[in-house]
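> no letters, just coordinates:
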């Protein structure tokens with residue numbers, strides 16, 4: 001949504017038309033559900049409940065991409081020309097960097113031909129290309145992703161892990177990594193044709209981690225894999241795989257970390273008479289390395305029954321939760337296709353054993369990515385099942401408890417995400433009517449009361465995919481669906497100029513107040529009659545304190561009138 005600075009400002013000094021680096025705290029969404037813990041929480045002061053209720057789709061946002069989408073978009077600030085970018089990937093193996101303000105393409109790459117479904121042993125994605133959510137390593141400005149590719153029209157199948165420069169889309173030296181050729185676990189080698197890469201990628205310390213499972217239909221011989229690649233030495237690949245056949249690591253959220261160790265959930269295995277890595281939450285040390293000790297894995301006592309019923313623990317990724325006052329307080333929440341929620345001791349998972357707590361919380365198979373948040377009333381985990389969102393409160397007891405607090409109709413099968421103005425207040429849980437009413441919905445985090453009801457016909461999104469989730473950044477929500485990225489925005493109050501000044505060296509400064517957390521961009525021209533599309537983009541406006549924005553232009557060398565406008569974003 002564009003807003004002009006009124007009145008336009010003209011000053012009788014010259015200006016060097018150049019990008020001004022405005023030092024401000026950047027906002028970046030570098031991975032699935034925003035953080036390594038996969039909490040799905042976005043702290044954004046623009047998302048009060050009142051502003052969330054007035055959310056509207058930005059119809060001017062282009063967002064055109066090519067291909068089906070199963071992955072969450074990412075948001076990176078400080079891109080080319082200082083622009084914020086939306087990163088989106090598709091099953092056609094297309095990678096896009098879009099201008100977060102306009103939705104126009106900044107750069108686009110195709111990383112290879114995807115594999116047609118007809119050339120796979122089974123599955124439900126056609127074609128099969130990039131499925132899992134990528135991750136950005138900010139220090140190196142690198143985008144990592146896995147693509148299923150074929151160099152010969154489907155005969156050869158290769159999982160390739162790419163490292164792209166997030167500013168340009170060019171492939172970094174030494175990449176991509178051919179997983180089929182490099183990943184081994186003991187004597188087992190990776191076979192790309194029977195493995196699918198659904199879970200989100202994760203960077204922990206110096207390593208990238210990529211989980212793998214099988215295709216829909218459980219065909220062929222596959223295993224649950226976690227592949228580790230050093231960011232600075234991609235020729236050295238480490239991997240761990242389940243002992244028993246099956247046990248896929250296929251949950252959409254992928255793996256999570258407490259900052260040191262990695263936690264992953266696995267699905268059902270086939271023909272296992274003793275536990276072989278399936279139906280479990282597993283803690284791995286960096287590498288990845290699995291100790292095999294009981295404190296490093298948990299599987300329910302009825303794992304064999306879950307195996308035979310195809311009721312995976314791995315349908316939803318593990319969620320890391322800390323509950324002060326609980327004993328123990330460092331927890332992992334697992335959600336299963338059996339409809340149960342399980343609480344586990346994160347420091348001692350317990351092997352094949354009873355969990356700390358267990359509750360039937362879903363009316364069917366829970367297959368999605370859950371989110372977690374905190375309010376004054378406690379710690380919550382929210383998940384999607386059968387087109388409903390359900391919020392659980394984790395009680396600070398010994399042992400901790402699970403209480404079903406509210407359930408509401410979501411209108412579809414999207415994975416939830418959460419906004420809050422400061423981390424505990426104005427909590428709104430967002431659900432997506434994926435493969436349903438195709439609307440975005442918002443609910444009060446404590447009560448489930450409707451905050452945003454989906455808007456009108458202009459708010460609809462086509463090509464929505466189950467399990468997908470959205471992100472929030474700078475007063476906007478972004479969702480990637482088939483062939484398009486959609487943007488929604490909170491209302492932007494009028495931008496009223498103030499604090500006009502010219503420094504002795506000719507630098508010009510202006511300021512204004514507006515909603516905290518929003519993103520604003522300054523433009524100028526020396527001819528006010530020039531079409532705005534031809535004005536010069538100067539850069540981001542700095543938020544010097546909550547809701548107080550300030551921009552300083554460069555000094556000039558001659559007396560030339562300058563005119564300024566500010567847009568959001």
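Received it, and whenever you're ready, just let me know what you need. It should be emphasised that the depicted structure is a prediction, and the values quoted were computed from it without experimental measurement.
> pull the contacting residues for the residue nearest the centre of the chain.
Nearest residue to the geometric centre of the chain (Cα atoms, centre = their mean): residue 32, 2.7 Å. Counting by Cβ atoms under 8 Å, 6 or more residues apart in numbering, residue 32 touches 38, 72, 133, 135, 200-201, 252-254, 369, 469. C-beta coordinates here come from the backbone N, C-alpha and C atoms, glycine included.
> looking at the protein, which helix is longest?
The longest helix of the chain (DSSP state H) is helix 303-309.
> partners of the helix or strand that that one is followed by, with directions?
Counting by DSSP states H and E, the element after helix 303-309 in chain order, helix or strand, is strand 319-322. Strand 319-322 sits in its sheet next to strand 330-335 (antiparallel), going by DSSP bridges.
> chain center to the partner strand: distance?
Counting by Cα atoms, centre = their mean, to the nearest Å, strand 330-335 is centred 20 Å from the centre of its parent chain.
> stretch 89-98 too?
With Cα atoms, centre = their mean, you get 15 Å for stretch 89-98.
> now stretch 224-235: buried residues?
224-229, 231, 234 (16 or more other Cβ atoms under 10 Å).
> just put those in CSV and tack on secondary structure.
CSV is the format used below for the buried residues of stretch 224-235 (DSSP: H, G, I helix; E, B strand; the rest coil):
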residue, secondary structure
224, coil
225, strand
226, strand
227, strand
228, strand
229, strand
231, coil
234, coil
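> make JSON lines out of the contacts of residue 32 and add distance to residue 392 and neighbour count.
Below are the contacts of residue 32 laid out as JSON lines (distance: Cβ to Cβ, whole Å; neighbours: other Cβ atoms under 10 Å):
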{"residue": "38", "distance to residue 392": "16", "neighbour count": "28"}
{"residue": "72", "distance to residue 392": "22", "neighbour count": "31"}
{"residue": "133", "distance to residue 392": "24", "neighbour count": "28"}
{"residue": "135", "distance to residue 392": "27", "neighbour count": "22"}
{"residue": "200", "distance to residue 392": "22", "neighbour count": "28"}
{"residue": "201", "distance to residue 392": "27", "neighbour count": "26"}
{"residue": "252", "distance to residue 392": "19", "neighbour count": "27"}
{"residue": "253", "distance to residue 392": "17", "neighbour count": "31"}
{"residue": "254", "distance to residue 392": "21", "neighbour count": "30"}
{"residue": "369", "distance to residue 392": "15", "neighbour count": "29"}
{"residue": "469", "distance to residue 392": "18", "neighbour count": "29"}
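> quick one: low-confidence residue ranges for the stretch 201-350 of the chain.
Nowhere does the stretch 201-350 of the chain drop to pLDDT under 70.
> oh, that last question was meant for the stretch 1-150 of the chain, not what I typed.
1-24.
> which stretches in the stretch 451-569 of the chain count as strands?
471-473, 476-481, 484-489, 498-502, 508-513, 521-525, 536-540, 542-545, 548-552, 561-567 (DSSP state E, counting those that start in this stretch).
> the fourth one versus strand 508-513: what angle between them?
For strand 498-502 against strand 508-513, the angle by axes from the mean of the first three to the mean of the last three Cα atoms, to 10 degrees is 170 degrees.
> quick one: strands adjacent to strand 498-502?
Partners of strand 498-502 in its sheet, by DSSP bridges: strand 508-513 (antiparallel).
> list the buried residues of the partner strand.
Quick answer for strand 508-513 (16+ other Cβ under 10 Å): 508, 510-512.
> nearest to residue 43 among these?
residue 512 (23.1 Å; Cβ to Cβ).
> residue contacts, that closest one?
Residue 512 touches 5, 495-499, 549, 566, counting by Cβ under 8 Å, 6+ apart.
> residues touching residue 42, list them.
Here residue 42 is in contact with 29, 34, 417-420, 471-473 (criterion: Cβ under 8 Å, 6+ apart).
> one more time with 7 Å, if that's ok
34, 417-419, 471-472 (Cβ atoms under 7 Å, 6 or more residues apart in numbering).
> how far away is the nearest residue to it once chain neighbours are set aside from residue 55?
What sits nearest to residue 42 in space, not counting adjacent residues and going by Cβ to Cβ, 6 or more residues apart in numbering, is residue 472, at 3.8 Å. Counting by Cβ to Cβ, to the nearest Å, the gap from residue 472 to residue 55 is 10 Å.
> higher neighbour count, those two?
residue 472 (29 against 23; other Cβ atoms under 10 Å).
> my read: that one touches residue 418, true?
No - with contacts counted by Cβ atoms under 7 Å, residue 472 stays clear of residue 418, the gap being 8.7 Å.
> hang on, the earlier thing: now the contacts of residue 42 as JSON lines including distance to residue 188?
Below are the contacts of residue 42 laid out as JSON lines (distance: Cβ to Cβ, whole Å):
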{"residue": "34", "distance to residue 188": "34"}
{"residue": "417", "distance to residue 188": "36"}
{"residue": "418", "distance to residue 188": "39"}
{"residue": "419", "distance to residue 188": "43"}
{"residue": "471", "distance to residue 188": "36"}
{"residue": "472", "distance to residue 188": "41"}
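> hey, where'd the helices end up in the stretch 351-500 of the chain?
Assigned by DSSP state H, counting those that start in this stretch, the helices in the stretch 351-500 of the chain number zero.
> point out where it drops to low pLDDT.
For the stretch 351-500 of the chain, no range has pLDDT under 70.
> let's see it at 90
The stretch 351-500 of the chain contains residues with pLDDT under 90 at 495-500.
> residue 567 reaches residue 521, doesn't it?
Yes - in this structure, residue 567 is within contact of residue 521 by Cβ under 7 Å, at 5.2 Å.
> hey, what's in contact with both of these two?
In contact with both residue 567 and residue 521: residue 101, using Cβ under 7 Å, 6+ apart.
> closest one to residue 530 out of the contacts of residue 32, please.
residue 72 (38.7 Å).
> can you verify the closest one is assigned to a helix?
No - using three-state DSSP, the assignment for residue 72 is coil, not a helix.
> which ones are touching the nearest residue to it once chain neighbours are set aside?
Nearest residue to residue 72 in three dimensions, chain neighbours excluded: residue 133, at 4.5 Å (Cβ to Cβ, 6+ apart). By Cβ under 7 Å, 6+ apart, residue 133 lies in contact with 32, 71-72, 200-201.
> ditto for residue 360
339-340.
> that one pairs with what?
residue 340.
> picking up where we left off before, got the contacts of residue 512 as JSON lines, with neighbour count and distance to residue 145 columns?
Shown next, in JSON lines, are these (neighbours: other Cβ atoms under 10 Å; distance: Cβ to Cβ, whole Å):
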{"residue": "5", "neighbour count": "22", "distance to residue 145": "39"}
{"residue": "495", "neighbour count": "20", "distance to residue 145": "37"}
{"residue": "496", "neighbour count": "11", "distance to residue 145": "43"}
{"residue": "497", "neighbour count": "15", "distance to residue 145": "43"}
{"residue": "498", "neighbour count": "11", "distance to residue 145": "44"}
{"residue": "499", "neighbour count": "13", "distance to residue 145": "44"}
{"residue": "549", "neighbour count": "28", "distance to residue 145": "35"}
{"residue": "566", "neighbour count": "22", "distance to residue 145": "35"}
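> looking at those residues, which one is closest to residue 102?
Closest to residue 102, out of all of the contacts of residue 512 and judged by Cβ to Cβ, is residue 566, at 15.2 Å.
> beta partners for the closest one?
Bridge pairing for residue 566 - DSSP bridges - gives residue 522.
> any idea how far it lies from residue 262?
Relative to residue 262, and taking Cβ to Cβ, residue 566 is found at 44 Å.
> same question, residue 41
20 Å.
> look at these two and report which has more neighbours.
Taking other Cβ under 10 Å, residue 41 and residue 262 do not tie; residue 262 has more neighbours (28 against 20).
> can I assume that one is in contact with residue 287?
No - judged on Cβ under 7 Å, residue 262 makes no contact with residue 287 at a distance of 9.0 Å.
> which residues does the nearest residue to residue 328 once chain neighbours are set aside contact?
Nearest residue to residue 328 in three dimensions, chain neighbours excluded: residue 345, at 4.7 Å (Cβ to Cβ, 6+ apart). When contacts are counted by Cβ under 7 Å, 6+ apart, residue 345 touches 328, 331, 356.
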